[in-house]
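Colleague: I'll drop the sequence and a predicted model, then ask my questions.
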Amino acid sequence: MSKITQVVIPVAGLGTRFLPATKAIPKEMITLVDKPLIQYVVEEAAEAGIKDVILVTHSSKGSIENHFDQNIELEANLEAKGKNKLLEIAQTTCPNGVNIIAVRQPQAHGLGHAVYCASPVIGQNDFAVILPDVLLHNDNTPDLKSMIERFENTGHSQIMVEPVPMSEVSNYGVADIQGEELSKGESKPMIAMVEKPAPEQAPSNLSVTGRYILSNRCMQILETTEKCHTGEVQLTTAIDALMKEETVEAYHLAGQSYDCGNKQGYLQATVEFGLRHPDLKDTFAEYLKNHV
Ligand code: UTP
């Protein structure tokens, strides 16, 4: 088992649920209050101790890499005008000590395929995966950090889950933890992950929520994972195979998640992140009071 210092962030998908916004702009570059979604998750990774962020990207998504690179012209301009606060903001889009590494997924062949595209960088290491349209908030220990600690203490891969109404399970991948109770912040062994089950067949109401800590064996399994009926390689299929060889645990999110890949979730996140923003929270709360 290796320490978790690398995260794979797949950003090569088409973002069709967010059209027309995503026709010419990557979904991950859509702004929530004052930062693009991708910056929130890179900051989350840095806070959890990640050193290498491996973006699995596509030719149409160059702006994501540019966002974390230096913009010399902009910086020179801000410096000349003495706009030091803005200069600092422009210079710190990439957290200190974090390397941004980009690999390509030439075509969107599914999440499992996207993760496998990072294998030359991951090598023999265990690794994290973050789906960048899911943002998390936790006033206490960040959940990704807790998952990494659990993995490093036990060697068991961790899959983040959270409860959803039973009537909605057919929209999600659902964890089978053999009817066990799972409290917030706790992990328990999982025996299967069921994709979009009918409510009467669902093994639980615990949906998989966009954060994974995976043993390197999962990468090896992805190498030979077959495409499903849609022609995509699913990460779920590889994790299911992993469970047959090693203990994989469901980790119950302790904080709050926001699915910014769909319009309703994105709007909710905008309101809540706005109400937490240090410079805006008071005026925005006042505005909402008068307009809702
Ligand atoms: P989603 O299915 O939620 O994202 O995949 P999508 O394909 O961009 O969006 P919709 O469903 O069409 O609206 C979860 C994550 O996996 C990435 C996506 O970029 C997203 O961050 N992904 C998905 C890839 O990188 N490659 C793929 O082939 C599929």
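Modeller: Happy to help now that I have it.

Colleague: Any idea which residue of the stretch 151-292 of the chain lies closest to the ligand?
Modeller: residue 261 (4.9 Å; C-beta to the nearest ligand atom). C-beta: built from backbone N, CA, C; applies to glycine.

Colleague: how many other residues sit next to residue 267?
Modeller: Number of residues near residue 267 (other C-beta atoms under 10 Å) recorded here: 12.

Colleague: so where does it fall, helix or strand?
Modeller: In the assignment (DSSP states H and E), residue 267 maps to helix 263-276.

Colleague: show me the residues around the residue of the stretch 151-292 of the chain closest to the ligand that make contact.
Modeller: Contact partners of residue 261, counting by C-beta atoms under 8 Å, 6 or more residues apart in numbering, are 15, 17-18, 27, 133-134.

Colleague: Which pLDDT value goes with it?
Modeller: Per-residue pLDDT puts residue 261 at 87.

Colleague: Doesn't it belong to a strand?
Modeller: No. Looking at residue 261 with DSSP: H, G, I helix; E, B strand; the rest coil, it is coil, so not inside a strand.

Colleague: Output the below-cut-off pLDDT ranges for the stretch 151-292 of the chain.
Modeller: The stretch 151-292 of the chain contains no residues with pLDDT under 70.

Colleague: what do you get if the cut-off is 90, keeping everything else the same?
Modeller: When residues are selected by pLDDT under 90, those of the stretch 151-292 of the chain lie in 195, 227-231, 261-263, 291-292.

Colleague: So which bits of it are right by the ligand?
Modeller: Taking C-beta under 6 Å from any ligand atom as the measure of proximity, the stretch 151-292 of the chain contacts the ligand at residue 261.

Colleague: Just the helices from the stretch 151-292 of the chain, written as ranges.
Modeller: Per DSSP state H, counting those that start in this stretch, the stretch 151-292 of the chain carries helices over the ranges 216-223, 235-245, 263-276, 281-291.

Colleague: now swap in the stretch 1-150 of the chain and tell me
Modeller: 37-47, 62-68, 72-80, 84-91, 111-116, 119-122, 143-154.

Colleague: Out of these, which is closest to residue 193?
Modeller: Residue 193 sits nearest to helix 111-116 of all those, at 12.2 Å, using C-beta to C-beta.

Colleague: what about the closest residue to the ligand within the chain, how many neighbours?
Modeller: For the chain and the ligand, the shortest gap (C-beta to the nearest ligand atom) falls at residue 13, measuring 2.3 Å. The number of residues packed near residue 13 is 23, by other C-beta under 10 Å.

Colleague: for it, what are its contacts?
Modeller: The contact partners of residue 13, by C-beta under 8 Å, 6+ apart, come to 27, 108, 111, 114.

Colleague: Format the helices of the stretch 1-150 of the chain as CSV; extra columns: mean neighbour count and distance to residue 191.
Modeller: Listed next are those as CSV, based on neighbours: other C-beta atoms under 10 Å; distance: least, C-beta to C-beta, whole Å:
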stretch, mean neighbour count, distance to residue 191
helix 37-47, 22, 29
helix 62-68, 16, 36
helix 72-80, 12, 52
helix 84-91, 13, 47
helix 111-116, 24, 20
helix 119-122, 16, 26
helix 143-154, 20, 17
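
Colleague: Format those helices as CSV; extra columns: distance to residue 172.
Modeller: Putting those into CSV (distance: least, C-beta to C-beta, whole Å) gives the following:
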stretch, distance to residue 172
helix 37-47, 20
helix 62-68, 26
helix 72-80, 41
helix 84-91, 36
helix 111-116, 14
helix 119-122, 26
helix 143-154, 18
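
Colleague: List just the one of these that sits closest to residue 210.
Modeller: helix 37-47 (9.1 Å).

Colleague: ok, and what's touching that closest one?
Modeller: Contacts of helix 37-47 (C-beta under 8 Å, 6+ apart): 7, 9, 11, 27-32, 53, 64, 67-68, 93-98, 100, 128, 130, 132-133, 135-136, 142, 144-145, 260.

Colleague: how about 6 Å then?
Modeller: Outside helix 37-47, the residues within contact range by C-beta atoms under 6 Å, 6 or more residues apart in numbering are 7, 28, 30, 53, 64, 93, 95, 98, 130, 132, 135, 142, 144, 260.

Colleague: got it, and stretch 129-148?
Modeller: Contacts for stretch 129-148 (C-beta under 6 Å, 6+ apart): 4, 7-9, 28, 37-38, 40-41, 44, 47-48, 115, 158, 210-213, 251, 253-261, 269.
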